Structures are given as C-alpha cells and as structure tokens.
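In: generate a structure from the sequence data that follows.
(one chain, ligands or ions: 2)
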Amino acid sequence: MNDVLRGFTKEYASSLQAYLAERDEAALLKAYEVGRRALDQGLGILDVAAMHREGLATALTGSLAPEECVRVAKGASDFLMESLSPFEMTQRGFREANLALRAGRQAHDEIRRYAAQLEAANKELEAFAFSVSHDLRAPLRAVDGFAQVLEEGYAQKLDDEGRRCLGILRAENRRMGQLIDDLLAFSRAGRAAMKMVEVDMAGLARSVFEDLRGAAGEREIEFKLAELAPAVGDRALLRQVLTNLLSNALKFTRRRPKAVIEVGGSAGHVENVYCIRDNGVGFDMKYVQKLFGVFQRLHSQEEFEGTGVGLGIVQRIVHRHGGRVWAEGKVNGGAAFHFALPNAGATEEEAQDPD
Ligand SMILES: Nc1ncnc2c1ncn2[C@@H]1O[C@H](COP(=O)(O)OP(=O)(O)OP(=O)(O)O)[C@@H](O)[C@H]1O
Ligand SMILES: [Mg+2]
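Out: Numbering: from 1, shown residues only. Ligands and ions are numbered 1, 2, ... in the order given. Take a look at the predicted model:
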C-alpha cells in the first residue's frame, strides 16, 4: 500500500468511526470530502472499497451483539455510498462529454457531406452556365449577321421606323453578346486553374491603372498609391480583381471635376487588406449586399454603362484565394472596396494541407 492510500485509509476509518458514533449530516459530509480528495489524488473506486473494508473491520472489532453488527454495517454502507458519489458524478460527466463528442462528430460528418454535395451541385451549375452561355453565342451571331444583311442590303427599302427598329435590334443584340461574354468571364473566374506566386500588389495596381487611364480620356485624375504588402495568389486573377475595382472607380468618378482614386491597405498577421477608394457618386449602403451579385447594379445603364458582373468576378476570385471582400459607400460621397487575402504564411500552410 502506498503512502497516499495509507493516509486515506486511516482518515477513512476515523471518519467512518465518527459517523457511526454521531450519525449526523456533518459526519456524513466527511465521507464525501474524503472521496473527493481521493479522486483528486488519482485513487480509484477499488481503492475506496479497500479503504472501506479496513474501516469496517476496525468498526466491527470487539464483541458486538448481532443486531449491533447489522446496524454498524448499514451505517457503514451509507458512508461508503457518500464517499463514492464524487466518482459517480465524474463518471456521469465523462459519459455526457462522450455523448456530446459523438454528437459533435456526427454533426461534423454531416457538414462534410453537405459541403461535398454543395460542391458537386456548384460544379454542375458551373458546367451548365458555361455550356448555356457558350451555346447562346452561335444563334446570337446568326441574328446579328442577318440583321447586318438587312441593314446593308435592304435599308433603302425600309422606312425610318423600320431602320430605327433595325438599329435597336442590333444594339440589343450587341448588349446580349456583352452579357454572355461577361457571364463566361464570371464562369472562367471560378474555373481557371490557379498558379500561386508572390505578387507585387503595388506594381500590379500601378500597371492596371496606367492601362485603364489611357482609355479614360482627358479627365483630371489624381491617383494615390500607398505601399502595399505583397500577396500570394494567381497573378492573372489578381490583375482581374484590380482591373474590375479600378475601372469601377474610374467609371463612377467620371462626373467629378477632379477624380481622386486611392489604393491603400494594411499588412496583418493573418491577412493583408487592400483598399480602392474613390470620390465618385458612391452608393446607398442599404443595398450593399446586392453589389457583389451577378447582374446587380445600383446605377442605371443610361447613367453608367455596364452589365453588373465585375464585382461578382472580384468576389469569386477573392473567395477562391481564401479571402473576403466588402464595400463602403455613401450617396454622392464616394466608395471604398476592400479585399483581404490570407498572408503568405497562412497561404503556404493551406497550399500544403488544403483540408
Ligand atoms: N466605385 C463605385 N462607386 C459607386 N458605385 C459602385 C462602384 N463600384 C460598383 N458600384 C455599384 O455596384 C454595381 C455593380 O458593380 P459591377 O462592377 O459588378 O458592375 P458594373 O460596373 O455596373 O458592370 P461591369 O463591371 O460588369 O461592366 C455598379 O453598377 C454600381 O451600381
Ligand atoms: Mg464594373
């Protein structure tokens, strides 16, 4: 018997003796106390049983009448039960924790199953969108071809109204072509293989801005570019993100006498944030959730041209990089679009262990 057990055995016997003499609540509480401390010290139920046997043997020494022996044995078993109650409670706790753990595991398995189903459904939808938009192109081209034949060969046979209708037909046809192209670009953003490299985001933002600046015509534009943390991502896709955000900034500042477009950000331990801010027409924050949806626009076609796919593509690319994207704006108070990408360390870990 080790010292700890010996000490407890002594204490158990004397507490049992005291209980058998007093039979009161306070003496019974001692049984619980001894049991709890025995549990804390790493003793088990069998150790308590052994302590009890010793204690009972001491209590039963001497010449007790048979009825007295029965009374002592009964009292001692009450004491034993009390001293075992901490063990019982612990075991119940384990059982409950085990059940919770099992339930958690089942829920986890279920989530994995749902995620797999969702991914399969997404892929199917993706393939469907791709083939539909792809297949729509051929009849559209045919419609445009015949409209052109009409325009070139038969325009003089039509009256003004006929020519006007033909013009609308061709313009709407072009618009539909643009929608299909944008839908295909959206689909491509979700399917293109990604080659992860370190990307100089400030250099990329400058080069994208310079490309777009040329097409923006004679306007006063101040471009402020802060230092940016490099990103780890697919260069072509990140270029697309910056192109879509900067072209929006240029488009929605078009009416300002002087456009101010700022690219900034901050480096963080977990993620790096990039921000494109402008002093353009802004938007109502009430509809901020809509912005990233495909074909969702807050400005009319007459005010600002576009199909409403640019931000959908941005969100898709950023999500594929494991990042997040959000926007802030105010009617007539400019807009800011932020996106965060996992920083280099986090992405490398992810790349090694995609699960
Ligand atoms: N910088 C901005 N300032 C104000 N509103 C913006 C800004 N960027 C986007 N928006 C709003 O969000 C809508 C969706 O933007 P998104 O880039 O997806 O489409 P778009 O620019 O209209 O068309 P597309 O990019 O497909 O040519 C825009 O129509 C506009 O209402
Ligand atoms: Mg756009």
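In: ok, Arg206 - how many residues close by?
Out: 16 (other CB atoms under 10 Å). Where you see a C-beta, it was placed from the backbone N, CA and C, and this is true even at glycine.
In: which residue is the nearest non-sequential neighbour of it?
Out: Nearest non-adjacent residue to Arg206, counting by CB to CB, 6 or more residues apart in numbering: Leu225, 6.0 Å away.
In: what do you get for Asp211?
Out: Nearest residue to Asp211, sequence neighbours excluded (CB to CB, 6+ apart): Thr243, at 7.8 Å.
In: same question for Arg213.
Out: In this structure, Arg213 finds its nearest non-sequential neighbour in Ile221, 6.8 Å apart by CB to CB, 6+ apart.
In: can you confirm the one you found is in a strand?
Out: Yes: per DSSP: H, G, I helix; E, B strand; the rest coil, Ile221 lies within a strand segment.
In: show me what it is bridged to.
Out: Here Ile221 sits in beta bridges with Ala259, as judged by DSSP bridges.
In: hang on, Ala73 packs against Leu56?
Out: Yes: using CB atoms under 8 Å, Ala73 makes contact with Leu56 at a distance of 7.3 Å.
In: out of those two, which sits in the busier spot?
Out: Taking other CB under 10 Å, Ala73 and Leu56 do not tie; Leu56 has more neighbours (19 against 12).
In: once you drop chain neighbours, what's closest to the more buried one?
Out: In space, Leu56 is closest to Ala76, 5.1 Å off (CB to CB, 6+ apart).
In: quick check, His52 in contact with Ala73.
Out: No: the pair His52 and Ala73 does not pass the contact test of CB under 8 Å, sitting 11.0 Å apart.
In: sorry, back to before: the residue nearest to Arg213: how many residues sit nearby?
Out: Ile221 has 17 nearby residues by other CB under 10 Å.
In: and if you look at the one 10 residues further on?
Out: Here the count is done by other CB under 10 Å, and Ala231 has 28 residues near it.
In: unless I'm mixing things up, it is touching Gly203, no?
Out: No: assessed by CB under 8 Å, Ala231 is found out of contact with Gly203, at 11.2 Å.
In: thinking again about what came up before, ok, the residue nearest to Arg206 - contacts?
Out: 202, 205-206, 209, 262-263 (CB atoms under 8 Å, 6 or more residues apart in numbering).
In: and the residue of the stretch 151-300 of the chain found nearest ligand 2, how far from Leu242?
Out: Minimum separation of the stretch 151-300 of the chain from ligand 2 (CB to the ion) falls at Asn248, amounting to 4.4 Å. Distance from Asn248 to Leu242, counting by CB to CB, to the nearest Å: 11 Å.
In: quick check: phi and psi at the residue of the chain positioned farthest from its centre.
Out: Residue farthest from the centre of the chain, counting by CA atoms, centre = their mean, is Ser63 at 75.6 Å. Note on Ser63: backbone dihedrals following degrees, to the nearest 10 are phi -100, psi 90.
In: repeat for Glu88
Out: phi -60, psi -40.
In: what ranges does the chain have for its strands?
Out: Secondary structure of the chain (DSSP state E): strands located at 196-199, 220-225, 231-234, 258-266, 271-278, 324-329, 335-342.
In: out of these, which is closest to ligand 1?
Out: Evaluated with CB to the nearest ligand atom, the strands of the chain place strand 335-342 nearest to ligand 1, the distance being 3.5 Å.
In: and the pLDDT at the nearest residue to Glu222 once chain neighbours are set aside?
Out: Excluding the flanking residues, the one nearest Glu222 by CB to CB, 6+ apart is Val260, at 4.8 Å. Val260 carries a pLDDT value of 97.
In: likewise Ala351?
Out: Ala351 is given a pLDDT of 42.
In: try the one 3 residues further on
Out: Taken from the predicted model, the pLDDT recorded for Pro354 is 39.
In: give the contact list for the closest residue to Lys258 other than its chain neighbours.
Out: In this structure, Lys258 finds its nearest non-sequential neighbour in Glu220, 4.5 Å apart by CB to CB, 6+ apart. By CB under 8 Å, 6+ apart, the contact set of Glu220 is 257-259.
In: which of those come close to ligand 2?
Out: Among those, no residue sits close to ligand 2 (CB under 5 Å from the ion).
In: narrow those to just the buried residues.
Out: Among the contacts of Glu220, the ones that count as buried by 16 or more other CB atoms under 10 Å are Ala259.
In: which residues does whichever residue of the chain sits closest to ligand 2 contact?
Out: Closest approach of the chain to ligand 2 (CB to the ion) occurs at Gly310, with a separation of 2.8 Å. If you count contacts by CB under 8 Å, 6+ apart, Gly310 has them with 244-245, 247-248.
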